[in-house]
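In: Generate a structure from the sequence data that follows.
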Amino acid sequence: MPSSTPSIGLILLSHGSRDPVWRRNAEHLLAQVQQAQPSAAVACAYLDWCDPPLGPAVAQLLQSHPQLAHITIWPLLFGVGKHASEDIPALVEELAPLYPQLQLRIAPAMGEDARVIQLLADMAGGYLEGKLQG
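Out: Okay, the predicted model is just below:
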């Protein structure tokens, strides 16, 4: 049974966009995680054009969950490009000294997970078989 005071947090880190509608999927994912695990320490952050950026998201998560010892940053990116290979590690490296009590970990990009690729392949098959509609 999960504790009501989590020691592990999660930040769903998306690219961001100038179009406010773009945030909908990340925020929907956040809402589903929160619904499934109401006491979870989870938040969204964005690399560009949306608030909050990663630094303030870490600060906000720690303010609401001061007992956190670990935060995993999960890049909601389909592939590994400059953001995943350079920008995100650089941001985490800048943040680490500000929170010596906290272990910041970067999870593999969402699109690097074989389960995500399998789900998308299954969906593609459904479109090809006419079982899914666009």
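
In: just for this structure, where's the confidence low?
Out: For the chain, the stretches flagged by pLDDT under 70 are 1-4, 134.

In: Kindly recompute the last result at 90.
Out: Residue ranges of the chain with pLDDT under 90: 1-6, 20-22, 79-86, 130-134.

In: Let me see the ranges of the strands in it.
Out: Secondary structure of the chain (DSSP state E): strands at 8-14, 41-46, 70-75, 103-106.

In: for the ones you listed, which one ends up most surrounded?
Out: Ranked by mean neighbour count under mean count of other CB atoms under 10 Å, the strands of the chain are led by strand 8-14, which reaches a mean of 23. Just so you know, the C-beta spots here come from the backbone N, C-alpha and C atoms, and that holds for glycine as well.

In: Remind me what that one packs against, helices and strands.
Out: In terms of contacts (3 or more CB pairs under 8 Å, 6 or more residues apart in numbering; DSSP states H and E), strand 8-14 is packed against helix 24-36, strand 41-46, helix 54-64, strand 70-75.

In: quick one on the thing from earlier: need the strands of the chain in JSON lines (columns: distance to residue 61).
Out: Shown next, in JSON lines, are those (distance: least, CB to CB, whole Å):
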{"stretch": "strand 8-14", "distance to residue 61": "5"}
{"stretch": "strand 41-46", "distance to residue 61": "5"}
{"stretch": "strand 70-75", "distance to residue 61": "7"}
{"stretch": "strand 103-106", "distance to residue 61": "11"}
